[in-house]
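Visitor: have a look at this prediction, sequence included:
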There are 2 protein chains.
Amino acid sequence: MTIQLTSRQSNILAFIHSHIERRGQAPTLDEIGDALGIGQVSSVLKHVRSLEAKGRLTIQPNQARGIRLVHEADPLDADTMELPLVGRIAAGEPIFSEERVERTLRVSRWLFQLQPDYLVEVIGDSMRDEGILNGDLVGVHATPVARHGQVVAARVGGDRFTIKRLYWKDEVIRLLPNSPGYHPIDPDPTEDFAIEGLFAGLLRRS
Amino acid sequence: MTIQLTSRQSNILAFIHSHIERRGQAPTLDEIGDALGIGQVSSVLKHVRSLEAKGRLTIQPNQARGIRLVHEADPLDADTMELPLVGRIAAGEPIFSEERVERTLRVSRWLFQLQPDYLVEVIGDSMRDEGILNGDLVGVHATPVARHGQVVAARVGGDRFTIKRLYWKDEVIRLLPNSPGYHPIDPDPTEDFAIEGLFAGLLRRS
DNA sequence: TCCATTTTCGCCCATTTAGGCGAAAACTAA
DNA sequence: TTAGTTTTCGCCTAAATGGGCGAAAATGGA
């Protein structure tokens, strides 16, 4: 429920915004008054208080430059997030490129402890024993850092994007498929190998 | 941007809503006045005009019972849905009861072909081979009708709520755990047995 | 055409809010 | 401690809004 602002109020809010952008700190009431042509700081305060009542900013009492903007991000963004579903990964490309984002899904943040940055569709049943099936959408928290035993999204040889459990022993990296009938991947040292991120949740379509 | 209503206004809006539900047509200004204890229809009109200004309804000029509600349907509801996550199921209780709804999650509708009515947390690993693990949240499409081979949410003996693959042969119902080490359940004919619904998607927390 | 129903118009008052003023209080740095 | 900066308080006015009144206009059926 966003309450609408008067023109005075939105001008003031806009000025505060731009001031923070330009100077890195909030303006004083006096500076706001100067910019908007309001002689009395107390009048400015009145408006700033109104903006606070309308949920657009907060005031740190008695503190100079104590105005903090509230990042509005409509009520939904507060507890849900939008995740891009990226398609098949081709060689060399960065994970993110406009063309590969097939669509975006919105889900409650509560679902994830580790916040995913995107979703990938799983191809193949090599992780069946981890409860990850063909067609599942896996959330990936993009990071190159992974520890032994974690489920990771990795890219081997530049074009094969896989979800595997990482085994790292004696400086040997192994990607364990964790399903019978699949063989572990021992990355060829001459091939590119990159950890794209960590497993962070799963969505299965019905 | 939804503008907030005064209490008078929301009462009037609520009455209009319920009147349309009950009678199939909008009330006259006089009827609204009667219900809310406002003597003058013109006063009612004032409020109805306010509601129009706030985008909650429209008025067909000079037309009797000419109030039309605007179905707000926030842009989000269009492509996401809210699902209650229900807790452990106790004996005899209906699936839905306020106390058992632990929280609600919002997810994109696109995720589901068969629309789930609620989510249940899976206890135990009896469906590991179906890719359903302990702690997963399973979407359930509430229906008593299931066919052979479908994954169902069922209640056996009144208190055991389980997710199983349904086998139905020669009028014998079997719930197949689909994991080694678990035995099929052959419902005891003297026990209650009810299919609560069909598997409709899965969410795994990270 | 006439009449009952229903909507619309003009007017009223009380409360809230916007917008502003001067002065007091609080903070900060010398 | 003292002076300058900045925030806060109390008070004021005008406009907008909420909530209401009685009467006039429009509508539709008999």
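Guide: Looks like it came in fine.

Visitor: can you tell me which residues in chain A are near DNA strand C?
Guide: A:6-9, A:38-43, A:46-47, A:50, A:62-64 (CB under 7 Å from any atom of the strand). Yep, even glycine has a C-beta here, placed from its N, CA and C like the rest.

Visitor: what secondary structure does the closest residue to residue A:204 other than its chain neighbours sit in?
Guide: Distances taken as CB to CB, 6 or more residues apart in numbering or on different chains place residue B:202 nearest to residue A:204, at 3.9 Å, with adjacent residues excluded. Following DSSP: H, G, I helix; E, B strand; the rest coil, residue B:202 is assigned to strand.

Visitor: quick one: low-confidence ranges for chain A?
Guide: Along chain A, the parts satisfying pLDDT under 70 run over A:1-2, A:72-78, A:87-102, A:156-160, A:167-193.

Visitor: residues from it in reach of chain B?
Guide: Taking CB under 8 Å from any CB of the partner chain, the part of chain A that reaches chain B is made up of A:1-4, A:76, A:79-80, A:103, A:105-108, A:110-114, A:116, A:128-129, A:131-133, A:136-137, A:139, A:141, A:199-206.

Visitor: now the buried members of these.
Guide: A:76, A:80, A:105-108, A:111-112, A:116, A:128-129, A:131-133, A:136-137, A:139, A:141, A:199-206 (16 or more other CB atoms under 10 Å in any protein chain shown).

Visitor: now the residue nearest to residue A:65 when sequence neighbours are not counted: how far from residue A:83?
Guide: Leaving aside its sequence neighbours, residue A:65 sits nearest to residue A:26 (CB to CB, 6+ apart; 4.6 Å). As judged by CB to CB, to the nearest Å, residue A:26 and residue A:83 stand 33 Å apart.

Visitor: now residue A:19
Guide: 34 Å.

Visitor: all strands for chain A, in order.
Guide: For chain A, the strands defined by DSSP state E cover A:57-59, A:67-69, A:80-86, A:101-108, A:118-121, A:137-142, A:151-156, A:160-169, A:172-176, A:193-204.

Visitor: I'd guessed residue A:163 sits against residue A:153; true?
Guide: Yes. Under the criterion of CB atoms under 8 Å, residue A:163 makes contact with residue A:153 at 5.5 Å.

Visitor: what touches both of these two?
Guide: Listed as contacting both residue A:163 and residue A:153 by CB atoms under 8 Å, 6 or more residues apart in numbering or on different chains are A:120, A:138, A:199.

Visitor: ok so, going back, could I get the strands of chain A as a markdown table with distance to DNA strand D?
Guide: Shown next, in a markdown table, are those (distance: least, CB to the nearest atom of the strand, whole Å):
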| stretch | distance to DNA strand D |
| --- | --- |
| strand A:57-59 | 5 |
| strand A:67-69 | 7 |
| strand A:80-86 | 31 |
| strand A:101-108 | 33 |
| strand A:118-121 | 41 |
| strand A:137-142 | 39 |
| strand A:151-156 | 47 |
| strand A:160-169 | 51 |
| strand A:172-176 | 55 |
| strand A:193-204 | 41 |
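
Visitor: with that, I have no additional questions.
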